[in-house]
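S.K.: sequence plus the predicted model coming up.
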Amino acid sequence: MAAAATHASSLSFLLSRPHSSSPHQLRLRRPADHRVRCATDASAAAAAPAKHRRAADENIREEAARHPAPNNDFSAWYEPFPPGAPGGDNPDERYSLDEIVYRSSSGGLLDVRHDMEALARFPGSYWRDLFDSRIGRTTWPYGSGVWSKKEFVLPEIDPEHIVSLFEGNSNLFWAERLGRDHLGGMKDLWVKHCGISHTGSFKDLGMTVLVSQVNRLRRAPLSRPIAGVGCASTGDTSAALSAYCAAAGIPAIVFLPANRISLEQLIQPIANGATVLSLDTDFDGCMRLIREVTAELPIYLANSLNSLRLEGQKTAAIEILQQFDWEVPDWIIVPGGNLGNIYAFYKGFEMCRVLGLVDRLPRLVCAQAANANPLYRYYKSGWTEFQPQVAEPTFASAIQIGDPVSVDRAVVALKATNGIVAEATEEELMNAMSLADRTGMFACPHTGVALAALFKLREQRVIGPNDRTVVVSTAHGLKFSQSKIDYHDRKIEDMACKYANPPVSVKADFGAVMDVLKTRLKGKL
Ligand SMILES: Cc1ncc(COP(=O)(O)O)c(C=O)c1O
Ligand SMILES: N[C@@H](CCOP(=O)(O)O)C(=O)O
């Protein structure tokens, strides 16, 4: 007799873990490392003698030091934000990147400005070829998707000081089935998997830049007495900071809102040896505290208030252009919390436009959770009134932020790109995430927020079926497995969990197994 198969009422029998709450003298010559791809290169390469491996007693950093890049006069510095904003009484206010400064003299934001005139002495085609030539190499430091664009990031840093885990170069995934079957036949839908990365989120892109600059500051000849690097975090900035600091041997200090980040995110800084402070407040409370502490102690601030981070994050935009062979997509959808990343995307695209690598900008969409939606409300007010809020818990816990530090940056990015702000309820974001998973992804809830925004904009016909659209996936779904467990377990109050797929509990018996399979595969056997 075949035993009746039951749908497991709980996934707990599979799980035994606690539930967590939730140039140089400017000359038009290629730098020494530049290998331009062109038709003749292949035959030249075939004729060339095999390249010898570097000496056995030399590492890639030492090898790079033997082949220094040509002297160049590219440079970057801090300026008050927005560009051209008066710096209090000083219209010429600017700071060297070697200064430790996070705010302008009038208390506003700062921005990293590049000497665009120096960069513009080279045509767009030069930069496209240069960046393309560096993809997929192990040459230090260009094996990194960030440092392969070093001239646009931190042009003056010595490769010797760079702390890189060869981040970036992330997959641009063609979401064929999701677009075709669930979004009205979208043909050109892509997901930029920024979360398939060293610490599982896009934060690695910015952190390599920030920690490299700290490394430069701490070492001779600058020898600044920086005791450590600190951040407030909803779990991803802290993971990235801890990993890069551990790689460089620099102390990391992270302030986390107790019981508001995932277990996977919590274990990351612990494993990397950071000083982890679990604080009885939300992210905005942690952010206030870290700002006070870094003003008192020689601890360098690693949050995106520090504009250095955004120089690394903007390379994701350049990478997208590169992956489309320098064709500009129509839409980029980014989940927003502290709102540095939406500006970083704009900055990357705009730099490529100004320098002639491309000829236009994509439209940006910033997607927020309805439970933490200060930017959405600001947008809906016609940009008249910004109201910080106490953000409510959301499955997209890394964007549970009510008082985003980069709100002004986000507004600039959205206005310049004819952008849109959208929001997603908890049910919308969890369904969008789960549906994407059904088409082969393993998305995080923040990516769910961006996908839910896409569903709405398609329904409203704002985004057309043939529009080339890129959804930015900001973290790896494995960091947020508890939210998926709760969803598939149908344990979420007031949520139908439409795409739940609980495991079937079945007796280890041939007949019982056959019964289940015949039911499940009815009409297909
Ligand atoms: C996974 C994830 N997605 C999106 C965001 C939002 O990025 P931003 O704070 O730059 O808006 C964050 C952090 O805030 C995050 O950790
Ligand atoms: N999601 C972030 C929040 C802090 O953002 P930041 O970009 O200012 O560091 C995190 O993971 O901590």
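M.R.: Thanks, I have the structure now. It should be emphasised that the depicted structure is a prediction, and the values quoted were computed from it without experimental measurement. Ligands and ions are numbered 1, 2, ... in the order given.

S.K.: any low-confidence regions in the chain?
M.R.: 1-52, 71, 83-89 (pLDDT under 70).

S.K.: name the residues of stretch 355-363 that are buried.
M.R.: 355, 357-358, 361-363 (16 or more other C-beta atoms under 10 Å). C-betas here are computed from N, CA, C, even on glycine.

S.K.: then stretch 320-337?
M.R.: Quick answer for stretch 320-337 (16+ other C-beta under 10 Å): 320-324, 326, 328-329, 331-337.

S.K.: any residue of it touching ligand 1?
M.R.: Yes - using C-beta under 6 Å from any ligand atom, stretch 320-337 reaches ligand 1 at 335-337.

S.K.: who in this structure is up against ligand 2?
M.R.: 231, 233-238, 303-304, 337-338, 340, 398.

S.K.: reformat those residues as CSV; add secondary structure.
M.R.: Below are these laid out as CSV (DSSP: H, G, I helix; E, B strand; the rest coil):
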residue, secondary structure
C231, strand
S233, coil
T234, coil
G235, coil
D236, helix
T237, helix
S238, helix
N303, coil
S304, coil
G337, coil
N338, coil
G340, helix
A398, helix
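
S.K.: near ligand 1, which residues of the stretch 401-525 of the chain are found?
M.R.: 444, 446, 474-475.

S.K.: and the furthest pair within those?
M.R.: C444 and T474 (6.9 Å; C-beta to C-beta).

S.K.: common neighbours of these two, please.
M.R.: Counting by C-beta atoms under 8 Å, 6 or more residues apart in numbering, the contacts common to C444 and T474 are G195.

S.K.: what does the chain have sitting close to ligand 1?
M.R.: 201, 234, 236, 304, 335-341, 398-399, 444, 446, 474-475.

S.K.: tell me who's in contact with the most centrally placed residue in the chain.
M.R.: Nearest to the geometric centre of the chain sits F202, at 2.4 Å (C-alpha atoms, centre = their mean). F202 is in contact with 194-195, 236, 313, 316, 341, 472, 474-475, counting by C-beta under 8 Å, 6+ apart.

S.K.: mind redoing it with 10 Å?
M.R.: For F202, the contact set (C-beta atoms under 10 Å, 6 or more residues apart in numbering) comprises 167-168, 170, 192-195, 236, 240, 312-313, 316, 334, 341, 344, 446, 472-475.

S.K.: same question for I290.
M.R.: Counted by C-beta under 10 Å, 6+ apart, I290 has contacts 230-233, 253-255, 277, 279, 299, 301-303, 305.

S.K.: among those residues, which lie within strands?
M.R.: 230-232, 253-255, 277, 279, 299, 301 (DSSP state E).

S.K.: which of those residues tops the neighbour count?
M.R.: Among the ones in strands among the contacts of I290, C231 has the most neighbours (other C-beta atoms under 10 Å), with 32 neighbours.

S.K.: can you name the residue of the stretch 151-300 of the chain nearest to ligand 1?
M.R.: With C-beta to the nearest ligand atom as the measure, D236 is the residue of the stretch 151-300 of the chain nearest to ligand 1, at 3.5 Å.

S.K.: that residue reaches T199, doesn't it?
M.R.: Yes - if you go by C-beta atoms under 10 Å, D236 and T199 touch, sitting 7.4 Å apart.
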